[in-house]
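Participant: Structure for this input, please:
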Amino acid sequence: LHQRIAIGGGGLLLIMSGLTALSAWRDGRSPETVADGGAQQGDASAVPPTLIARRALAATVSVRNLDAIGNRRSDGTGFFVSNDGLVVTNLHVISGAFRIEALSLYGRAYDSVQFVAADPARDLAVLKVFGTIASPRPLVLSPRDRPAIGERVFVTGNPHNQNGTFTDGMVRRHRTAQGI
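Facilitator: Take a look at the predicted model:
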């Protein structure tokens with residue numbers, strides 16, 4: 001199962017592009033050489049959406065921007081991109097935070113969250129999450145900038161505090177977001 005990831009708009013976008021096992025990326029094999037269940041490369045329909053949802057939701061966290069007295073300033077979605085607790089989220093979600101909090105799909109808070117890096121031009125931030133909750137298998141980032149028009153996509157996240165949402169759709173057009 002090869003997934004590409006993009007985030008924004010309160011959700012996490014998973015773009016299916018073949019059936020390469022996620023483990024292939026971690027054990028050094030080329031993703032093109034590892035088929036999941038014998039399906040053909042590029043046959044995204046052969047991966048059940050329930051499997052995609054389970055893997056994606058397990059790696060998804062709710063990110064909270066808190067002020068100095070612990071009140072929520074904003075909420076967003078993040079996801080694990082490494083086994084050592086690195087989480088990617090939108091920069092606008094954490095901007096101006098006194099403290100950042102990350103919660104699992106089941107609402108359990110991680111012990112602490114540290115800011116690591118940001119890319120303001122892409123509205124992305126990297127956080128380091130620490131805690132007694134085990135980090136799930138991370139999602140794989142794509143080398144491609146964006147999905148093709150007409151490509152099937154899956155979206156998961158925590159829009160408007162509705163934790164654990166999952167839906168699908170198709171890329172209809174590309175646009176450049178300004179003023180984020």
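Participant: Please enumerate the helices of the protein.
Facilitator: Here the chain has its helices, by DSSP state H, at 22-26, 49-58, 91-94.
Participant: Turn these into TSV, including distance to Asn158, mean pLDDT and mean neighbour count.
Facilitator: Yep, even glycine has a C-beta here, placed from its N, CA and C like the rest. Shown next, in TSV, are the helices of the chain (distance: least, Cβ to Cβ, whole Å; pLDDT from 0 to 100; neighbours: other Cβ atoms under 10 Å):
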stretch	distance to Asn158	mean pLDDT	mean neighbour count
helix 22-26	22	28	16
helix 49-58	10	88	16
helix 91-94	10	94	20
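Participant: Quick check: which of those helices is nearest to Glu151?
Facilitator: helix 49-58 (14.0 Å; Cβ to Cβ).
Participant: Could you export that closest one as CSV, CA atoms only?
Facilitator: The C-alpha trace of helix 49-58 is given here as CSV (Å, rounded to 0.1, in the frame of the first residue of the first chain):
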residue,chain,number,x,y,z
PRO,A,49,-10.7,1.3,2.1
THR,A,50,-11.1,-0.3,5.5
LEU,A,51,-7.4,-1.2,5.5
ILE,A,52,-6.4,2.3,4.3
ALA,A,53,-8.6,3.8,7.0
ARG,A,54,-7.2,1.6,9.8
ARG,A,55,-3.6,2.5,8.9
ALA,A,56,-4.2,6.2,8.3
LEU,A,57,-6.3,6.8,11.4
ALA,A,58,-3.8,4.9,13.6
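Participant: Give the residue spans of this protein that score low on pLDDT.
Facilitator: Flagging of the chain using pLDDT under 70 yields the residue ranges 1-46, 135, 141-145, 177-180.
Participant: do that again at 90, thanks
Facilitator: Applying pLDDT under 90 to the chain flags the ranges 1-49, 51-58, 81-84, 104-109, 111, 121-122, 131-149, 151-171, 173-180.
Participant: the strands in this protein, which residues?
Facilitator: 3-8, 11-16, 60-66, 72-80, 86-90, 99-103, 112-119, 124-130, 152-157, 165-170 (DSSP state E).
Participant: Thanks again, I'm all set now.
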